[in-house]
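S.K.: Coordinates for the following, if possible.
(chains A and B)
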Amino acid sequence: METIKTNGRGISRRDLLKGCVMVGATLAVGSGFVAGSSAAWAMETKHVSPEEMATLIQLARDIYPHNHVADEFYARAMKGYDSEELKVQISSGINALNAAAQGRGYASYLSVPWEADRVKILQTMENSAFFQTVRGNLITGLYNQPEVWTLFGYEGESYSKGGYINRGFNDINWI
Amino acid sequence: MKKFELSDNSVVVVIGTGAGGGTLANELAQKGIKVVALEAGGRHLPQDYQNDEWGSFGQISWLDSRTTSGDWRVARDFSGLPSWIVKAVGGSTVHWAGASLRFQEHEFKTKTVYGDVQGANLLDWPIGLSELEPYYDKAEKKMGVTRTNGIPGLPGNNNYKVFEAGAKKLGYKNVHTGNMAINSEPRDGRAACQQVGFCFQGCKFGAKWSTAYTEIPQGEVTGNLEVREHAQALKIEHDAAGKVTGVLYADKDGNQHFQKARIVAIAGNSIESPRLLLNSASSMFPDGLANSSGQVGRNYMRHMTASVYAAFDKPVRMWRGTTMAGIVSDEARHDPSRGFVGGFELETLSLGLPFMAAFLNPGAWGREFTSALDSYENMAGMWIVGEDMPQETNRVTLNHDVKDQYGLPAPNVHFDDHPNDTAMRNYAWQRGRELYDAVGATKTYPTPPYPSTHNLGTNRMSAKARDGVVNKWGQTHDIDNLFISDGSQFTTGAAENPTLTIVALAIRQADFIAEQMNSGVI
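M.R.: The predicted structure follows:
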């Protein structure tokens, strides 16, 4: 599980999630990995804990929430934080997130059930270096994934297909 | 390819190969004048261009160290990136959208027409429209501008159709697919536009005019032009008489060379050009070359810009096709009853999803922002470009605390909006939103200015030496054999995209330089 693995490779949901703990609404963590609760994908972590990576994935979705974009793409955007150089900074940022959640009576950031309540927590720390680093990197980390473009209808490069001159540059029919 | 000796002091050295420098270099070469062009970037041609916003950005952008200050949002959101311009053979003509508009007559005499505007350092140009018209003719012919010289307009894409329908509902009359230096039919050995939609990333079909594959190779085949790539100009030297003698530059490996010159013409865009003059200070010119007026680096203009994006309940797919082939010119007039002097153009614009995420509302996060992106497929977009006020305090200076890769002080770009700029932007945003509301927009987004693509005015043209840096030929008031050949010589910015005027001035300057050389004056 060095990179994100999607479940087309014969891992059964039962096997993957055996011994996993659900964190938040859509994520599960196991020994050394975080996975989608549907077991559609899993990502190994080496330097940050699986819980920390799960928190980062939830944080990414709370910063740029798109209901039609699966967790897997947020996970891809956060994978770079699983590094020796960044792990201290990441732990400290996540500790601050969890402390803010605990100050509001929750066990952790991941256990805050409503997005609106998590957003209130983020608003108290949106000027922090941690938040701004994560937010800034998401602009390319999330929105520069070609697989994500298609979810928004964006078609990417067109030169190899001869541009749009014969492929609908002026096909609007409702104006 | 022709090579000239470093010791050849008969050459004209042109610094930069974009709209100004590339055109000047070719025009001189065609006249038999020997030219060495120093280009800081490498040579990227259509086969190299990328239909990928961030990939292309990394490939061709000018990304050297720069700093910013002032109240403009760019200083907060993109503090190290005041401008979005190109470092490559062809300069920003690789990246430009192709809009090629003539200035209006009154825009050459704003001091006279607008009167005193508090805080604005307005000045009339030392030339008028009639003086530039023959050169506009030549520039339009050279560049193949649509709706001139019998060249048909480009077809309207989806984004244009929404824009046009809204404009007509508002009663605008001057609405069409633009005067574009993009081939609507094959011309000059280049293909017609194939509606690729990546104009800003370099045109892979070569349908858009760029000096990279027009002026530069045309000059090179004469045997009179040598382009040195990856040659970063560091300092212009002069002799005891105060004439410039050549240019010190660094090559790809950082080794320094000195190219002798009879004449030096600077066309490094409006941040690098004044920076080079300031970095060339000497005991004879302690404030920098050609700076007896103190105006070098001042009056930095970037056009009053903004965008409006609008979401609809049905798909638009604005990214398909020519990025900027759509214009409304009705607001370009000077009409102080709107609450500001000068005017603006509305032009179609689209960004791909990656750049939309970066530029729609920089720094924003949460549902309001993401709901806009969720509508991406249903969005239409326009850019607003208008005249901004020259201000002495908006300026390029040397930041001695930040050094570039050659150890030279980086440029700092300071910009504060003038109240006239703000009033015009607010008015234009409103009109843009009304335009889309008129055709059923469900939501509109007033989007702030991007890092500057139009950088102007930092070596401005003036009749009197005390008011500016260059005379009406772009020749510096202080040094006869030193010229400025880019948009930094603009006295004021006008409402129109600047490239056509930069090219017209370069053609005219080439005539002047040739005549002065032939008569032995310089």
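S.K.: how much space between B:Gly254 and B:Arg275?
M.R.: 19 Å (C-beta to C-beta, to the nearest Å). All C-beta atoms are positioned from the backbone trio N, CA, C, and that covers glycine.
S.K.: Please read the previous query as pertaining to B:Trp429.
M.R.: B:Trp429 is 33 Å from B:Arg275, by C-beta to C-beta.
S.K.: Which helix or strand contains B:Gln509?
M.R.: Using DSSP states H and E, B:Gln509 maps to helix B:499-518.
S.K.: in that helix, what's buried?
M.R.: The neighbour-count check on helix B:499-518 (16 or more other C-beta atoms under 10 Å in any protein chain shown) flags B:499-510, B:512-514, B:516-517 as buried.
S.K.: likewise stretch B:159-179?
M.R.: Quick answer for stretch B:159-179 (16+ other C-beta under 10 Å): B:159-167, B:172, B:175-179.
S.K.: Can you tell me which of those residues end up in helices?
M.R.: Of the buried residues of stretch B:159-179, the ones assigned to helices by DSSP state H are B:159-167.
S.K.: same for chain A: which of those residues are within range?
M.R.: Counting by C-beta under 8 Å from any C-beta of the partner chain, B:160-162, B:165 from these sit close to chain A.
S.K.: Same list (those residues) but as CSV, adding pLDDT.
M.R.: Shown next, in CSV, are these (pLDDT from 0 to 100):
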residue, pLDDT
B:Tyr160, 98
B:Lys161, 98
B:Val162, 98
B:Ala165, 98
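S.K.: And these, which is closest to B:Met356?
M.R.: B:Val162 (16.2 Å; C-beta to C-beta).
S.K.: gap between that closest one and B:Lys168?
M.R.: From B:Val162 over to B:Lys168 the distance is 11 Å, taken as C-beta to C-beta.
S.K.: do the same with A:Gly103
M.R.: 57 Å.
S.K.: With B:Gly343 instead?
M.R.: Taken as C-beta to C-beta, the span from B:Gly343 to B:Lys168 is 20 Å.
S.K.: One more: A:Tyr154?
M.R.: Taking C-beta to C-beta, one finds A:Tyr154 at 28 Å from B:Lys168.
S.K.: repeat for A:Gln145
M.R.: Going from A:Gln145 to B:Lys168 by C-beta to C-beta gives 39 Å.
S.K.: Number of residues surrounding B:Ser282?
M.R.: Neighbours of B:Ser282 under the rule other C-beta atoms under 10 Å in any protein chain shown: 13.
S.K.: now swap in B:Val264 and tell me
M.R.: 29.
S.K.: Quick one: mean pLDDT for stretch B:224-239?
M.R.: Average pLDDT, stretch B:224-239: 98.
S.K.: quick one: buried residues of the longest helix along chain A?
M.R.: Scanning chain A for the helix with the most residues, using DSSP H, yields helix A:87-103. By 16+ other C-beta under 10 Å, the buried positions in helix A:87-103 come out as A:87, A:90, A:93-94, A:96-98, A:100-101.
S.K.: ok, of those, which one's closest to B:Gln295?
M.R.: Proximity of those to B:Gln295 (C-beta to C-beta) peaks at A:Gly93, which lies at 47.9 Å.
S.K.: A:Phe130 is in contact with that closest one, correct?
M.R.: Yes: applying C-beta atoms under 8 Å as the test, A:Gly93 and A:Phe130 come out as touching, 3.3 Å apart.
S.K.: Quick one: end-to-end length of stretch B:339-356, please.
M.R.: 31 Å (C-alpha to C-alpha, to the nearest Å).
S.K.: right, I mislabeled it, should have said stretch B:212-229
M.R.: Stretch B:212-229: ends 12 Å apart by C-alpha to C-alpha.
S.K.: and it, which residues are buried?
M.R.: Under 16+ other C-beta under 10 Å, the buried positions of stretch B:212-229 are B:212-216, B:218-220, B:222, B:224-229.
S.K.: So which of those are in helices?
M.R.: Per DSSP H, the subset of the buried residues of stretch B:212-229 in helices is B:215-216, B:218-220.
S.K.: and the residue nearest in space to the middle of chain A, what is it in contact with?
M.R.: The centroid of chain A falls nearest to A:Tyr74 when counting by C-alpha atoms, centre = their mean (2.3 Å). A:Tyr74 makes contact with A:57, A:60-61, A:142, according to C-beta atoms under 8 Å, 6 or more residues apart in numbering or on different chains.
S.K.: Give me the three-state assignment for it.
M.R.: helix (DSSP: H, G, I helix; E, B strand; the rest coil).
S.K.: List the buried residues for the lowest-mean-pLDDT helix or strand in chain B?
M.R.: Across the helices and strands of chain B, mean confidence by mean pLDDT, DSSP states H and E is lowest for helix B:73-77: a mean of 95. Using 16+ other C-beta under 10 Å as the test for burial, helix B:73-77 gives B:74-75, B:77.
S.K.: Same question for stretch B:308-315.
M.R.: By 16+ other C-beta under 10 Å, the buried positions in stretch B:308-315 come out as B:308-312, B:315.
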